Structures are given as C-alpha cells and as structure tokens.
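Asker: Everything below, folded, please.
(chains A and B)
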Amino acid sequence: MTSHCAPDEMLLAYAAGWLDEPLSLVVESQAALNPESRKRLAAYEAIGGVLLDELPPAPLCREAIDRTLPRLDQAAEQAVPHRPAGTAPCGCGSRPRDGLPLPASLRRLVGSDLAALPWKWRMPGLSEVVLQVGGGQRVSLVRIAPGRRAPRHSHRGHEIALVLAGAFQDGTETYGAGDLQISDGTVDHEPRAIGDRPCICLTVLDAAVRLTGPFGRLLNPFIRG
Amino acid sequence: MTDALLLDPPTQALLIQAVAERRDREAFGQLFRYFAPRVKSYLLRLGAEDGLAEEIAQEAMVAVWRKAASFDPAQASVSTWVFTIARNKRIDGLRRLRRPELDPEDPALQPEARPAADRLLDASEREERLRRALNTLPEEQAEVIRLAFFEDKAHAAIASETDLPLGTVKSRLRLALTRLRRALAADGMDQA
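Answerer: Got it, this is the predicted structure:
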C-alpha cells in the first residue's frame, strides 16, 4: 500500500451507499483531508450518476409534484448562500480553538475543540477518546505524543488509522495528515509519532470491512483478500 | 406523470442554475419530472416499498431545491449530485448519523494542489467518458457494477442461486473497475 488512499472497493462501497458507519466516517474524513482520495471518490459517485440517468423511470403517484411544491416554501429559508464558481474552498470557516481543522463529519460527532474531549490515558504518551458510532467496531481518536510509540501490537481483525494531524512512522512508511493505514491481523506493527507535535488519528479497530446486503456480503471477502 | 422527458446534462445544469438563482419553479418542475421517477426507481431497486420510495424521492427533490445554490458543475454532473442526495436521504433514514454532503466550507478541506483552472476534464466531460466506458463494458462486467450500486434483489439472488463462484465475481469487478479507471485515466483515476 503506497498511495495511503482508502482502497477502491471501500470508496465504491461508500459511493454506492453500502459502507457501514465507522468506515463511512473514515472515507468522509479522508475525502476532506486528502484531495486524491476526494477525486477518486467523486469518480465512483459519478458511476452512480450515470446509472441513475439510465434507470427506467418508475411511475410516481399522480399528485407527487403537487405534494412536493408546497414543501419548497418551507425549505426556502434554509437555502444556503451561493458560492461563486471558481472560489477555492478556504479555511475561513470557524477555526477550532486548538487550530486543528477537523473534517466536518468528525466535528459533527465530537465538536471542534479536541482539547475539551475526555481523553483517557492509556499508557505513557498515548491517550484515546472512544467515539459513539454505530456498529460493533471500536472507533476512537488516538493521540500519540511526539516521539512516542504505540506498543507493538497486532490485531485479530483489521485496524484502520487515518492521520488527522501530525505524522507517524511505521516500519519504513511515513503517514502524514490525510493518509490512511490499513493493518490486518498478519501485521505486527509499532507506529511512532514523528515531528514535534502529537499525532492524532481516527482509528477503527476490528475494521473487517462490513457491508450490508447480499451483494455486500459477497464483497466482504474480496475486500479482505 | 408520463412526460418524463429526456434532459441532456447541459440542460439539467441550466435548470439547476435557474432554481438556484431565480427560485424558478418551472425549472424545478422539469427537474422533478425527470429525476423523481428515476430516484424512485433507484430506491425500489434497493428494496424500498413503493410508498417509502415515493416519499424519499420527494424529499430528495426538496433537497435539490434547497441546495441548488451549492451545486458546483466543476465537481459533479447534476445526475451525480442528485444521486448522492438520494443515496444520503436513504441512509439518513437507516442511520442515526446523517451522512453529510462534502461541505465546501469545511475548514479541514485541503484544496487540490493543482489550480482549478488546470482541471483536465470538467465533470460533465468526465462523466460522458464514464458513460461511454460503462456502455462498452462486457455485459457480465457491467452487471457487477450495477449490482454494486443498485443491489437488485433479483440479481443478488441469481448470483447466489447459480452459485456464481466468488472468484468470478471478484475478477469481473476488478476488470470492470480497471476499465473504468482507464477511461478516466486522464483524470487521475489511473494511479491504483
């Protein structure tokens, strides 16, 4: 794995709407932090657009549009201001207090002030906040102090780590903000925070990619393979 | 509701623009007649009951009205944009967490290294290439792609009933994705 992007199968599953909540959070966060990943995701979503165009239209009930039009007025007030085409997305939104721009999906979950979160000490140099996300997987923010290592570990399932800030090194690979590492049970790894600030990651443990529905179940071994 | 006219992508984009800038109900009506039946069709394929599919399709179209100003033709075609709205509406109904659209004001959003003016293909061109590539895929490859997006109960049943070997499904999907990536190669999708 050299690109540090979410694998194509995961992006495809997200685009199609089959990816579970924890991994959707990872895909959305990486899309915000990593332009390459965002571009790939956009391409998979475009497949959905093409297929939608080609679907045979299903008959609507006769009053469908008459029932919808009155709802437009209720929605009108919430219209978002128009952003002139060509303006680059800027960092001019509300800056979180500690200066770390969390992706919107994560902010929605934990707010924007990382320092205010109930960090739990796990071992010297390592603390964790477990997030309440549906699904049976452990979803956390993990903070490793500069120069510290997470203890050598392996997993029975998968572990996914998305770097939100700082960087870590594992073996010969370096992961910076927006990079994703996927480790399976066969990998014995020992990530070390590098640089002079803490490395903060979104992690999903036991992240055997779980998809719903018959086709999803068909895909699961594919993603693990 | 039989006048589900065909709308080509440039027309779709103009109609969205009319909705965004002038709150044009006539334009919205055209978009509704084109997209609502397709969104409903999509939801039915995913197993929604008729009433629910109708309701979500209407909700999605209300969202199209509400969010029209945030539609960015450089990022996606109208069809793709409507698809993501419908997909997310469906997921919202199934989940506690709402799935957000990518927020252009997200302070975390890392801009692309390349300036926007330097885009190799704009979204509609890109999607035209994708459409051609999808249409020229061998049928069994096109089928696994459709299966992945529109999990059609009939198809899934066929796959398991005929006991299509998993390896075959995998290799078909890989082949299909490789070909689609190749079609989009100029757009940076070829670096897998």
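Asker: Roughly how far does the closest residue to A:Asp184 other than its chain neighbours sit from chain B?
Answerer: The shortest distance from A:Asp184 to any non-neighbouring residue, by C-beta to C-beta, 6 or more residues apart in numbering or on different chains, is to A:His158 (5.2 Å). Yep, even glycine has a C-beta here, placed from its N, CA and C like the rest. Distance of A:His158 to chain B, given as C-beta to the nearest C-beta, to the nearest Å: 18 Å.
Asker: give the contact list for the spatially most central residue of chain A.
Answerer: Ranked by distance to the mean C-alpha position of chain A (C-alpha atoms, centre = their mean), the top residue is A:Val26 at 1.7 Å. By C-beta atoms under 8 Å, 6 or more residues apart in numbering or on different chains, the contact set of A:Val26 is A:Ala6, A:Ile160, A:Leu162, A:Leu180, A:Leu202, A:Val204.
Asker: so when I look at it, I'm seeing a strand, right?
Answerer: No: looking at A:Val26 with DSSP: H, G, I helix; E, B strand; the rest coil, it is helix, so not inside a strand.
Asker: Which pLDDT value goes with it?
Answerer: Looking at A:Val26, its pLDDT reads 94.
Asker: Tell me where the model's unsure across the chain.
Answerer: Since no chain was named, I'll use chain A. Within chain A, the ranges that satisfy pLDDT under 70 run A:1-2, A:75-100, A:152-157, A:185-188, A:207-225.
Asker: my question was about chain B
Answerer: B:1-5, B:95-121, B:151-167, B:185-192.
Asker: per the record, what domains does it have?
Answerer: According to automatic domain parsing, chain B comprises the domains B:4-98, B:118-186.
Asker: Can you say which of those domains is packed in most?
Answerer: domain B:4-98 (a mean of 20; mean count of other C-beta atoms under 10 Å in any protein chain shown).
Asker: so how far is that domain off the chain centroid?
Answerer: How far domain B:4-98 lies from its chain's middle: 10 Å, per C-alpha atoms, centre = their mean, to the nearest Å.
Asker: For the residue of chain A found nearest chain B, give me its contacts.
Answerer: Distances between chain A and chain B by C-beta to the nearest C-beta are smallest at A:Gly49, namely 2.9 Å. Counting by C-beta under 8 Å, 6+ apart, A:Gly49 touches B:Ala76, B:Ser77, B:Val78, B:Ser79, B:Thr80, B:Trp81, B:Val82, B:Phe83, B:Glu127.
Asker: If we use 10 Å, what do you get?
Answerer: A:Gly49 makes contact with A:15, B:9, B:76-84, B:123, B:127, B:130-131, according to C-beta atoms under 10 Å, 6 or more residues apart in numbering or on different chains.
Asker: biggest helix in chain A by residues?
Answerer: Longest helix of chain A, by residue count under DSSP state H: helix A:35-54.
Asker: ok, and does the helix or strand that that one is followed by reach over to chain B?
Answerer: Downstream of helix A:35-54, the next assigned helix or strand under DSSP states H and E is helix A:64-76. Yes: using C-beta under 10 Å from any C-beta of the partner chain, helix A:64-76 reaches chain B at A:Ala64, A:Ile65, A:Arg67, A:Thr68, A:Leu69, A:Arg71, A:Leu72, A:Asp73, A:Gln74, A:Ala75, A:Ala76.
Asker: helices or strands up against whichever helix or strand comes after helix A:64-76?
Answerer: Next in sequence after helix A:64-76, counting helices and strands by DSSP H and E, comes helix A:104-110. If contacts are counted by 3 or more C-beta pairs under 10 Å, 6 or more residues apart in numbering or on different chains; DSSP states H and E, helix A:104-110 sits against helix A:21-33, strand A:138-144, strand A:199-205.
Asker: The strand or helix carrying B:Lys67 close to chain A?
Answerer: If you go by DSSP H and E, B:Lys67 is part of helix B:50-67. Yes: residues of helix B:50-67 are located near chain A by C-beta under 10 Å from any C-beta, namely B:50-51, B:53-55, B:57-59, B:61-67.
Asker: For whichever helix or strand comes after that helix, name the packing helices and strands.
Answerer: In the C-terminal direction, the helix or strand that comes right after helix B:50-67 (DSSP H and E) is helix B:78-94. Helix B:78-94 is packed against helix A:8-16, helix A:21-33, helix A:35-54, helix B:9-22, helix B:25-45, helix B:50-67, helix B:123-135, with contacts defined by 3+ C-beta pairs under 10 Å, 6+ apart.
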